[in-house]
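Here's a sequence, model it:
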Amino acid sequence: MRNLLILLMLSSLSLLAQNKSGITGKPDTSFTNYSAWQNLLKEDPTVRLANFQSSKSKVQSSVYKVIGSRKLAIDEYAISTSRMLPTLVFFHGGGWRTGHRSQHIPLAKALADRGYRVFLVEYRLSTEALYPAAMVDVQAALQWVSKRKNVGEIYVAGYSAGGQMAALLGSVQDENTYGKGVKVAGVIDIDGILAFIHPESGEGDDSKRISAATHYFGFNKVDGEAIWKEASALSHVSKGDPPVLFLNSGVERMHAGRTDFIQKMTALGIHTEYFTFENSPHTFVLMNHWFDQVVERMDRFMRKRLVVGVDFKTIQAAVDLARPGQEIFINNGNYQEKVFIDSLKHHLSFVGESRDGVVLRETIARDIWRCSNPDDYGAGVLNIKGHDLSFRNMTIVNEYGFTATKDVTIPCLNEAGKETTTTVQKYALPREKGEKEGEKIVRVDGHQFAVRTMPGATRLSFEHCTIRSGGGDTVSPWDVNVGMYYLNDCLIEGGVDLYCPRGYALAENCTFVCHNTSAAIWHDGSGEQGAKTVLKNCRFIGDPGYKLGRYHREAQFYLLNCSFDKNMADAPIYQSGDRVLNWGHRVYYVDCHKDGGDFAWHKNNTIIKASDLTFRTVFGEKWIK
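As a prediction, this is how the structure comes out:
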């Protein structure tokens, strides 16, 4: 349909006649690496062209398209292997009129040595054919690459005009604008514009000479406005577009439309990131001073694994640059930081080198945080708004209760000391006895989130993790409407309600260590009647007289094959408060036992067996692992 639209636009413009005076039939060789270098030498005598000597990669040239007697070439750079490798299809720059794929051989070799298949593409320039010829060519190249053996997920990238083409190509694969679409994993736009007609763009100024874009389209931007806009990536942003990395020079007009493009992508929840090489020339990608950084940032964007302790000093730095589908591997270390995973971060896995060796720690009392902030996002060590996240092999500790020596009273102008109302998904601070308006009593064993998740954070899993705090609500996954949480082989330590999920939760093979006599576990299942917290093969230990659990709202507990140490009080899971419940008291035990002898309430009270409640039956079709 889009292809037809372009043809109709060109037909409607035919009355004005596409200006073909720029079609010379001869290659324009005015833009080369050497000429770019000579221009920069005037300002910086130390600058050198980028060079990369590879002992690993090999090159193979092919023809990907034939138009009459014209053959379009493509060069593949890769190490010698039959393995499937992540793949980059790259388009050179030169104002759609000049330039050559060979200008980026050093870049292709450097990325090939890092484990990529890199294809440098020839396409018809405006000296040979006008728009949309070049875009039809690069789409054909993308299709050709996608059919090759041993090609993994495909990224498209380009420099300058090639960056503009790459961005446009990434935005139209779901529209079949220039040919049948191909799945693109990501786009890297190196100093290519996102919009031809834009306040930031320098294209279309024909006052001194015909601009590169006017030559490219065969129409000036007034007569050809519709085509100019159609060929802009900014006009095609949609939900199915791939993530984009922008690498930009200090020349602002070369990223015209970038801010608007990022805003559109962000509104759709699509990952984008950008980096500007401050004070760098437009040709920075060709020069040695910036070359290594360009390679590193491209590699980091395309790579499946980001490594904290090598690529990044902090976990947060890795999170900030991570895109869906990547793994953040955390080397052993002591990470004193608070981590925020916002709503645009999803489908990420966090893997520690070892459970005891990777320690994420911070000292935070929820009450102190909330006295100067409107909600709990930031009140925990690990703060989550994103979804579809997994965490393995790490320790997360909120140290406040382990280091504080006494309760303190602080000024508090937000909620404390006032009659406040808890609303759906926004939970007010509790009032303490003797608390005055404008003050907050911060208890040593008060709310201390090691993990606090916000509404929208769902399908979260924690495996082989130790999660500790010296206060209550250590693990607080709180989305009562759509929350789904899975824990396996985790140790959770804390005070009252140390494990308090809302929605659906399944904990298997976990150990709970309770330092409070009110309750170890808690649940809120008021979002829908089927919501439940299931604990299978779990162990409970704690201070003398600790109670197993409680709830304030609608809840549903299943404890299956669980064991309790002798310090547990003879107190079944109970309702706290006098709220009227529509679904009644729903607490079920199957094959649960206490050291030294069971209490009467430990006996089986449901026909459901442990084998009936699995990951699949707890979460259903909403979460398939």
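
In this structure D479 contacts P455, no?
Yes: contact criterion Cβ atoms under 8 Å: D479 and P455 qualify, at 4.8 Å. No exception for glycine: its C-beta is placed from N, CA and C like everyone else's.

List the contacts of the residue nearest to K20 when sequence neighbours are not counted.
Leaving aside its chain neighbours, K20 sits nearest to G218 (6.1 Å; criterion: Cβ to Cβ, 6 or more residues apart in numbering). With contact set as Cβ atoms under 8 Å, 6 or more residues apart in numbering, G218 has these partners: 18-20, 22, 130-131, 224.

Compare D479 and P455 (neighbour count), which wins?
D479 (23 against 18; other Cβ atoms under 10 Å).

Distance of that one relative to L107?
44 Å (Cβ to Cβ, to the nearest Å).

One more: M484?
For M484, the distance to L107 - Cβ to Cβ - is 43 Å.

go on, T177?
As judged by Cβ to Cβ, T177 and L107 stand 27 Å apart.

ok but D292 is inside a helix, no?
Yes: looking at D292 with DSSP: H, G, I helix; E, B strand; the rest coil, it is inside a helix.

burial count for it?
With other Cβ under 10 Å as criterion, D292 counts 12.

For it, give me the pLDDT.
pLDDT, D292: 94.

and what of the one 4 residues further on?
For E296, the model assigns a pLDDT of 92.

Okay, domains of the chain per the record?
Following automatic domain parsing, one finds the domains of the chain at 2-301, 325-494, 504-625.

In TSV, list those domains along with distance to V307.
Output for the domains of the chain, formatted as TSV (distance: least, Cβ to Cβ, whole Å):
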stretch	distance to V307
domain 2-301	10
domain 325-494	5
domain 504-625	25
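
Out of those domains, which is closest to K313?
Closest approach to K313 among the domains of the chain is made by domain 325-494 (9.3 Å; Cβ to Cβ).

what distance separates the closest one from the middle of the whole chain?
Distance of domain 325-494 from the chain centroid (Cα atoms, centre = their mean, to the nearest Å) equals 20 Å.

same question, stretch 188-202
25 Å.

same deal with stretch 601-612?
For stretch 601-612, the distance to the chain centre is 40 Å (Cα atoms, centre = their mean).

Which residues lie in contact with the closest residue to P243 other than its chain neighbours in this structure?
Leaving out its chain neighbours, the residue that sits closest to P243 by Cβ to Cβ, 6+ apart is H271, at 3.9 Å. Taking Cβ under 8 Å, 6+ apart, we find H271 in contact with 243-244, 265, 323-324, 344.

do the same with L120
Counted by Cβ under 8 Å, 6+ apart, L120 has contacts 74-75, 77, 90, 92, 101-102, 104-105, 108.

could the residues you listed go into TSV alongside distance to D595 and neighbour count?
Shown next, in TSV, are the contacts of L120 (distance: Cβ to Cβ, whole Å; neighbours: other Cβ atoms under 10 Å):
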residue	distance to D595	neighbour count
I74	70	21
D75	70	19
Y77	65	26
F90	65	27
H92	72	24
R101	72	19
S102	75	13
H104	68	29
I105	70	20
A108	65	26
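
Can you say which of the contacts of H271 are buried?
Using 16 or more other Cβ atoms under 10 Å as the burial test, those include 243-244, 265, 323-324, 344 as buried.

Narrow those residues to those in helices?
Among the buried ones among the contacts of H271, the residues falling in helices (DSSP state H) are M265.

For G309, which of the domains of the chain is the nearest?
Per Cβ to Cβ, nearest to G309 of the domains of the chain: domain 325-494, 3.0 Å.

Would you agree W369 falls within a helix?
Yes: counting by three-state DSSP, W369 falls inside a helix.

Give me the neighbour count for it.
20.

That one against D376, yeah?
Yes: in this structure, W369 is within contact of D376 by Cβ under 8 Å, at 7.4 Å.

Where does the prediction get shaky in the stretch 301-450 of the chain?
Scanning the stretch 301-450 of the chain for pLDDT under 70 picks out the ranges 415-431.

all strands in it, in order from the N-terminus.
305-308, 327-330, 333-336, 339-341, 346-352, 358-362, 380-384, 387-398, 408-411, 439-442, 449-453 (DSSP state E, counting those that start in this stretch).

deepest of those strands, which one?
Comparing the strands of the stretch 301-450 of the chain by mean neighbour count (mean count of other Cβ atoms under 10 Å), strand 449-453 ranks first with a mean of 29.

elements contacting it?
When contacts are defined as 3 or more Cβ pairs under 8 Å, 6 or more residues apart in numbering; DSSP states H and E, strand 449-453 packs onto strand 380-384, strand 387-398, strand 460-469, strand 475-477.

Make JSON lines from these and add distance to G438 to it.
Formatted as JSON lines, those follow (distance: least, Cβ to Cβ, whole Å):
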{"stretch": "strand 380-384", "distance to G438": "25"}
{"stretch": "strand 387-398", "distance to G438": "26"}
{"stretch": "strand 460-469", "distance to G438": "27"}
{"stretch": "strand 475-477", "distance to G438": "27"}
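
right, and those strands - which one's nearest A600?
strand 475-477 (29.5 Å).

By average pLDDT, which secondary structure element in this protein comes out worst?
Least confident element among the helices and strands of the chain, by mean pLDDT, DSSP states H and E: helix 2-12 (a mean of 52).

helix or strand right after that one?
Scanning forward in sequence from helix 2-12 by DSSP states H and E, the next helix or strand is helix 33-41.

Just the buried residues of that next one, please?
Those would be 33, 36-37, 40, for helix 33-41 by 16+ other Cβ under 10 Å.

Likewise for stretch 267-287?
Counting neighbours by 16+ other Cβ under 10 Å, one finds that the buried residues in stretch 267-287 are 270-273, 276-277, 280-287.

tell me the mean pLDDT for that stretch?
93.

could I get it in CSV with only the CA atoms?
Output of stretch 267-287 as CSV, limited to C-alpha atoms (Å, rounded to 0.1, in the frame of the first residue of the first chain):
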residue,chain,number,x,y,z
ALA,A,267,5.4,7.2,23.8
LEU,A,268,5.1,3.8,22.2
GLY,A,269,7.4,2.1,24.7
ILE,A,270,10.2,1.5,22.2
HIS,A,271,13.8,1.7,23.4
THR,A,272,16.0,4.5,22.0
GLU,A,273,19.3,5.9,23.1
TYR,A,274,21.7,8.5,21.7
PHE,A,275,25.2,9.6,22.3
THR,A,276,26.8,12.8,21.0
PHE,A,277,30.5,13.0,20.5
GLU,A,278,30.8,16.6,21.6
ASN,A,279,32.7,19.0,19.3
SER,A,280,33.3,16.3,16.8
PRO,A,281,33.0,16.8,13.0
HIS,A,282,30.4,15.2,10.8
THR,A,283,33.0,12.8,9.5
PHE,A,284,34.0,11.5,13.0
VAL,A,285,33.2,7.9,12.2
LEU,A,286,36.0,7.9,9.7
MET,A,287,38.7,9.2,12.0
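
Can you give the distance from that stretch to the centre of its chain?
Worked out by Cα atoms, centre = their mean, stretch 267-287 lies 18 Å from the chain centre.

Save the strands of the stretch 301-450 of the chain as JSON lines, and put in distance to W228 too.
Formatted as JSON lines, those follow (distance: least, Cβ to Cβ, whole Å):
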{"stretch": "strand 305-308", "distance to W228": "38"}
{"stretch": "strand 327-330", "distance to W228": "41"}
{"stretch": "strand 333-336", "distance to W228": "49"}
{"stretch": "strand 339-341", "distance to W228": "40"}
{"stretch": "strand 346-352", "distance to W228": "35"}
{"stretch": "strand 358-362", "distance to W228": "50"}
{"stretch": "strand 380-384", "distance to W228": "43"}
{"stretch": "strand 387-398", "distance to W228": "38"}
{"stretch": "strand 408-411", "distance to W228": "58"}
{"stretch": "strand 439-442", "distance to W228": "59"}
{"stretch": "strand 449-453", "distance to W228": "46"}
